[in-house]
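S.K.: from the sequence below, what's the structure:
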Amino acid sequence: MEHINFSQNWNNKLDCEAFTTLRMPNERYKTGQVFEITLNEESKSCATLVAITYINIEDITEYIARLDTGCSAEDCKKIIRDIYPNADFTQQRLAYLLFVKSKDN
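M.R.: The predicted structure is shown next:
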């Protein structure tokens, strides 16, 4: 099973039934795929990727930022730039992933 690791439980989202994450696009992200969700390599749950939207970093709104990270849009953009320091965000899009936890968690 694929896994996605989080280094921080931004906005306590990993405790919710559904949550989002902003990541670099990757071919392993496919709707319908089940992922083990880990926090600092410790298992939290399993969740199904139910939707993917591709956005530019400048498209991160207050809604996206506050729900995903608990931070303002500007702070969220800074976090993303810090996580991916070598990315050229004038060219690089982000995958905005929506997960729903498996019922048996």
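S.K.: okay, CA-based contacts and neighbour counts for the rest of this
M.R.: Fine.
S.K.: mind checking what secondary structure residue 88 has?
M.R.: Under the three-state scheme (DSSP: H, G, I helix; E, B strand; the rest coil), residue 88 adopts coil.
S.K.: quick one: it and residue 46, what's the gap?
M.R.: Distance of residue 88 to residue 46, given as C-alpha to C-alpha, to the nearest Å: 32 Å.
S.K.: more neighbours, these two?
M.R.: Comparing residue 88 with residue 46 by other C-alpha atoms under 10 Å, the one with more neighbours is residue 46, at 22 against 10.
S.K.: correct me, but that one touches residue 34?
M.R.: Yes - at 6.7 Å, residue 46 and residue 34 qualify as touching, with contact defined as C-alpha atoms under 8 Å.
S.K.: tell me how far stretch 6-26 is from the chain's mean position?
M.R.: For stretch 6-26, the separation from the chain centroid amounts to 4 Å (computed by C-alpha atoms, centre = their mean, to the nearest Å).
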